[in-house]
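*Asks:* Let's see this in three dimensions:
(2 chains)
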Amino acid sequence: MADLICRDCGFSMNENDTEKSNLVCPKCFGRLDLNMNANLQKPNPIPAPVSNPTYQTFKPEFTATAGKYFRIWIVNVFLTIITLGIYAAWAKVRTRKYFYANTKLGGHAFDYLANPIAILKGNLIVGGIFIFYSLSNNFIPILSPFIMIAFYAVLPFLIYKSLRFYAHNSAFRNIRFRFLGSLGESYKMYLLYPFLIPFTLGFIIPYWAFRRKKYFLDQLAFGTTP
Amino acid sequence: MIQFRASYLDGLSSSASEVTLLFDGAFLHIQSVGLNPALKFSLDEIEITPPLGKTNRSIILPNGARCETDDIGSVAWLEDQKGSNMLLRTVHFLEKKWSLTLVCLIGLILFTWTFMIYGIPFLAKKAAYSIPPVYMEKISRKTAELLDDRFFKPSELDEKDKNRLSDIFSKIHNENAPGIDYRIEFRKSPMLGANALALPSGLIFMTDELVEIAQKDDELIGIMAHEMAHVDLRHGVRSIIQNTGVFLVVSILVGDISSITNIAAALPTLLAESGYSRQFEKEADESAALYLIHNGYSTKPLQDILIRITKDQPKFPGESILSTHPQTQERIDFLKKLDKPSIIDK
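*Replies:* Coordinates of the predicted model:
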């Protein structure tokens, strides 16, 4: 006997013969899935000893609500505006923390550990570059192509650093993630591929998006023990 | 004294063990069967993660371990004893209630509104007057090149007309603000129609179409005084700085709504910019009117030519949104109001 639940309307039923039912909801013709939650009510927070590994499947849960996030967002924007942008760093951490804390796996939530002061420093640097570029564009226009070139030259480095920062500050069960990608790969992703766009008439863009995701996710590691 | 349960995560492995936390008024004791001997820390040694919604909270221990718990009431009590996270506790308090969120929303709108109307123009003015004239010259040179490249053709006016108008221009220059290096140049521009432009360096362009539309020179005096006021009041640089400011404010406001950023950011920016430019036109009109009245002219010729310029303007598709017509009427009413006292004086 299997516990079936409809993805679309939430209709649930007990089906003795899963193969016959074609997995279609009789109410709304949506797709039926096996109800995994039934097995997840009592997650075991203590993993089995290493000497005798057993595998358990946990389904991720997401418990954030729109109303709660709306309030967090409004307060974030309000404080960011009245502090003339300084609070933006704290706002960023709060937003990430809220989504992480509501993403649970096996009863434990993810956590974002970044120090807002570090993000504030980054924001100030980017803000400084923007103001400098915007002013030089109007007052010393001869400089702006050089600033653009310099910006594109350091952009892959900045992205590489920020991916490392992002991974290092993401944690699960008090173990941080790590980003193992190389700086050279980052230059390939954020300098070489964009450079190829005009020569491929833009057809490379979807592949580029795929490679960027792959660059980050393939090189993401959890903890240090292999 | 307080006692609650938590998961102990040592930070070395992903394993968790159930512990009991006990605060006896001086020390926080962490006890469990697997943890021998029990750990003991003072409140100064530990760190407590700030409250956020109803999510789990952690107590960070000096050895890198964390005690995570869903008993947020007990953690809040402990946090109170420690007296930490005061600022983020206030933020949490604001986020907790819909009524306070609404107050924040209203505060956000009021603050943004006030900042856009008074703050940005005030800061831009301060900044504009601190720019050395050398830079004014530099910005203007680039803009003049661009105008000549895209919008202007050489003037086809008679030398005689040009000289006569240049003489009038010099006269106003001397009477008005001799300190600034004003120059006038004439260009033909089918694209811009009857128009005059001032660059921050003091270079003023007048189109052939404008000279042709003028029925008498008196009308152009008002235009010249108006353009000189734009230079004198540094409107060109102020608008550059203000538009940068608006862009920054709007990007903070809509920064979270990344998918619709382009549309969401473009419209308020456009509206704010047209609002600022109306304000600058009004200031320049006022300055021109004061000059005219002070030197015994009336603003009537300026009003007349403004009406004719508006009629002559080439129609762009976008014009109906930011319609110039009611604005012209507004400007004329404003000029009439300024004109009245001088008529009574006479």
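*Asks:* in whichever strand or helix holds residue A:157, what's buried?
*Replies:* Per DSSP states H and E: residue A:157 is located in helix A:144-168. Using 16 or more other C-beta atoms under 10 Å in any protein chain shown as the test for burial, helix A:144-168 gives A:156, A:158-160, A:163-164, A:166-167. (Glycine included, C-beta is placed from N, CA and C.)
*Asks:* Export these as JSON lines, with columns for distance to residue A:211.
*Replies:* Shown next, in JSON lines, are the buried residues of helix A:144-168 (distance: C-beta to C-beta, whole Å):
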{"residue": "A:156", "distance to residue A:211": "13"}
{"residue": "A:158", "distance to residue A:211": "18"}
{"residue": "A:159", "distance to residue A:211": "13"}
{"residue": "A:160", "distance to residue A:211": "15"}
{"residue": "A:163", "distance to residue A:211": "14"}
{"residue": "A:164", "distance to residue A:211": "18"}
{"residue": "A:166", "distance to residue A:211": "18"}
{"residue": "A:167", "distance to residue A:211": "18"}
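*Asks:* Give the rounded mean pLDDT of the host helix or strand of residue B:222.
*Replies:* Secondary structure assignment for residue B:222, by DSSP H and E: helix B:217-232. Averaged over helix B:217-232, pLDDT sits at 89.
*Asks:* Following the chain onward from that helix, which element is next?
*Replies:* Taking DSSP H and E, what comes next after helix B:217-232 is helix B:235-254.
*Asks:* Which SSE is immediately downstream of the helix or strand of chain A with the lowest mean pLDDT?
*Replies:* The weakest-scoring helix or strand in chain A, judged by mean pLDDT, DSSP states H and E, is helix A:37-40 (a mean of 41). The element immediately downstream of helix A:37-40 (helix or strand, assigned by DSSP H and E) is strand A:61-62.
*Asks:* Show me the contact partners of that following strand.
*Replies:* For strand A:61-62, contacts defined as C-beta atoms under 8 Å, 6 or more residues apart in numbering or on different chains pick out A:102-105.
*Asks:* nearest to chain B, of these?
*Replies:* The nearest member of the contacts of strand A:61-62 to chain B, counting by C-beta to the nearest C-beta, is residue A:102 at 6.5 Å.
*Asks:* in chain A, which segments are predicted with low confidence?
*Replies:* Residue ranges of chain A with pLDDT under 70: A:1-53, A:138-139, A:226.
*Asks:* Tell me where it has strands.
*Replies:* A:2-6, A:12-15, A:32-34, A:61-62, A:103-105, A:108-112, A:170-172, A:175-179, A:220-222 (DSSP state E).
*Asks:* where does stretch B:198-215 sit relative to the chain's centre, distance-wise?
*Replies:* A distance of 29 Å separates the C-alpha centroid of stretch B:198-215 from that of its chain, computed with C-alpha atoms, centre = their mean, to the nearest Å.
*Asks:* ok, that stretch near chain A or not?
*Replies:* No. Judged by C-beta under 8 Å from any C-beta of the partner chain, stretch B:198-215 and chain A are separated, with a smallest distance of 9.9 Å.
*Asks:* Quote the end-to-end distance of that stretch.
*Replies:* Counting by C-alpha to C-alpha, to the nearest Å, you get 22 Å between the two ends of stretch B:198-215.
*Asks:* cool, stretch A:101-109 as well?
*Replies:* End-to-end distance (C-alpha to C-alpha), stretch A:101-109: 5 Å.
*Asks:* Could I get the buried residue list for that stretch?
*Replies:* A:101-104, A:106-109.
*Asks:* and if you look at stretch B:65-79?
*Replies:* Going by 16+ other C-beta under 10 Å, stretch B:65-79 has these buried residues: B:65-72, B:74-75, B:78-79.
*Asks:* could these go into a markdown table alongside secondary structure?
*Replies:* Output for the buried residues of stretch B:65-79, formatted as a markdown table (DSSP: H, G, I helix; E, B strand; the rest coil):
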| residue | secondary structure |
| --- | --- |
| B:65 | coil |
| B:66 | strand |
| B:67 | strand |
| B:68 | strand |
| B:69 | strand |
| B:70 | coil |
| B:71 | coil |
| B:72 | helix |
| B:74 | helix |
| B:75 | helix |
| B:78 | helix |
| B:79 | helix |
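*Asks:* among these, which are within reach of chain A?
*Replies:* Okay, of these touching chain A (C-beta under 8 Å from any C-beta), that's B:65-66, B:68.
*Asks:* ok, so of those residues, who is nearest chain A?
*Replies:* Checking those one by one against chain A (C-beta to the nearest C-beta), the nearest turns out to be residue B:66, at 4.6 Å.
*Asks:* Run through the bridge partners of the closest one.
*Replies:* When bridges are called by DSSP bridges, residue B:66 pairs up with residue B:9, residue B:60.
*Asks:* How about stretch A:68-87 and chain B, touching?
*Replies:* Yes. Using C-beta under 8 Å from any C-beta, stretch A:68-87 reaches chain B at A:68, A:70-82, A:85.
*Asks:* In space, what's closest to residue 155 - neighbours in sequence excluded?
*Replies:* Let's take chain A. Distances taken as C-beta to C-beta, 6 or more residues apart in numbering or on different chains put residue A:190 closest to residue A:155, at 5.8 Å, once the chain neighbours are dropped.
*Asks:* meant chain B, my bad for not saying
*Replies:* Using C-beta to C-beta, 6+ apart, the closest residue to residue B:155 is residue B:186 (3.9 Å).
*Asks:* relative to helix B:217-232, how tilted is the helix or strand that neighbour falls within?
*Replies:* Using DSSP H and E, residue B:186 sits in strand B:183-188. Per axes from the mean of the first three to the mean of the last three C-alpha atoms, to 10 degrees, the angle that strand B:183-188 makes with helix B:217-232 is 120 degrees.
*Asks:* Could I get the pLDDT score of the residue nearest to residue B:57 when sequence neighbours are not counted?
*Replies:* Of all residues not flanking residue B:57 in the chain, residue B:75 sits nearest, at 4.3 Å (C-beta to C-beta, 6+ apart). pLDDT recorded at residue B:75 is 91.
*Asks:* Tell me how many other residues crowd residue B:127.
*Replies:* Neighbourhood size, residue B:127 [other C-beta atoms under 10 Å in any protein chain shown]: 18.
*Asks:* Next: residue B:141.
*Replies:* There are 14 residues near residue B:141, going by other C-beta under 10 Å.
*Asks:* cool, residue B:126 as well?
*Replies:* Neighbour tally, residue B:126, other C-beta under 10 Å: 11.
*Asks:* For residue B:223, which non-adjacent residue is closest in space?
*Replies:* Residue B:223 sits nearest to residue B:196 (C-beta to C-beta, 6+ apart), 5.3 Å away.
*Asks:* Let me see the contact set for that neighbour.
*Replies:* B:204-207, B:210, B:223-224, B:226-227.
*Asks:* Which residues are in contact with the residue nearest to residue B:245 when sequence neighbours are not counted?
*Replies:* Counting by C-beta to C-beta, 6+ apart, residue B:245 lies nearest to residue B:120, which is 4.3 Å off, once chain neighbours are set aside. When contacts are counted by C-beta under 8 Å, 6+ apart, residue B:120 touches B:242, B:245-246, B:249.
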